[in-house]
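[1] turn this into a model:
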Amino acid sequence: MKILYVEDNAANARLLAKYLALQDDVELLEAASGEAGVALARAELPDLVLMDINLPQMSGTEALAALRADARTAGIAVVAVSADA
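    As a prediction, this is how the structure comes out:
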């Protein structure tokens, strides 16, 4: 399974990367901004996107809208991820 994690917080990205490294069947792709995440999703067509909501410049909801507007990425499963309480 190819998972794209879009997260601007390096500590959060490292934590998830360490967890997913324990899984044999997971390839992790990472992007630190909404724009980079959309571009990587279009290039790599992951099975799942884990999307931070509070990203600088292009928010996670804006990035999701961009993915849904593109026929190539519209069907990719996206899960919102946020550290906000």
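[2] next, count neighbours for L55.
    Applying other Cβ atoms under 10 Å, we find 23 residues neighbouring L55. C-betas here are computed from N, CA, C, even on glycine.
[3] V79 now?
    9.
[4] the closest residue to it other than its chain neighbours in helix, strand or coil?
    Leaving aside its sequence neighbours, V79 sits nearest to L50 (Cβ to Cβ, 6 or more residues apart in numbering; 5.4 Å). On the three-state scheme (DSSP: H, G, I helix; E, B strand; the rest coil), L50 is labelled strand.
[5] so L50 makes contact with L16?
    Yes - if you go by Cβ atoms under 8 Å, L50 and L16 touch, sitting 7.2 Å apart.
[6] just to revisit the earlier point, which residues sit in contact with the residue nearest to V79?
    Neighbouring residues of L50 by Cβ atoms under 8 Å, 6 or more residues apart in numbering: 3-7, 16, 78-79, 81.
[7] list the ones among the residues you listed that fall in helices.
    Residues of these located in helices (DSSP state H): L16.
[8] narrow the contacts of L50 to those that are buried.
    3-7, 16, 78, 81 (16 or more other Cβ atoms under 10 Å).
[9] would you point out the most distant pair within those?
    Pairwise distances across the buried ones among the contacts of L50 (Cβ to Cβ) peak at 15.2 Å, for the pair L16 and V78.
[10] still on that earlier bit, how near is the residue nearest to V79 to N12?
    Applying Cβ to Cβ, to the nearest Å, the value for L50 to N12 is 10 Å.
[11] tell me who's in contact with D47.
    1-3, 76-77.
[12] and stretch 30-45, C-alpha only, in PDB?
    Extracted C-alpha coordinates of stretch 30-45, given in PDB (Å, rounded to 0.1, in the frame of the first residue of the first chain):
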ATOM      1  CA  GLU A  30       5.800  12.600   2.500                       C
ATOM      2  CA  ALA A  31       5.000  16.200   1.600                       C
ATOM      3  CA  ALA A  32       5.400  19.200   3.900                       C
ATOM      4  CA  SER A  33       2.800  21.400   2.200                       C
ATOM      5  CA  GLY A  34      -0.600  21.200   0.600                       C
ATOM      6  CA  GLU A  35       0.900  22.200  -2.800                       C
ATOM      7  CA  ALA A  36       3.600  19.600  -2.600                       C
ATOM      8  CA  GLY A  37       1.100  17.000  -1.400                       C
ATOM      9  CA  VAL A  38      -1.200  17.600  -4.400                       C
ATOM     10  CA  ALA A  39       1.700  17.500  -6.800                       C
ATOM     11  CA  LEU A  40       3.000  14.200  -5.200                       C
ATOM     12  CA  ALA A  41      -0.500  12.700  -5.200                       C
ATOM     13  CA  ARG A  42      -0.900  13.500  -8.900                       C
ATOM     14  CA  ALA A  43       2.600  12.000  -9.700                       C
ATOM     15  CA  GLU A  44       2.400   8.900  -7.500                       C
ATOM     16  CA  LEU A  45      -1.300   8.100  -7.200                       C
END
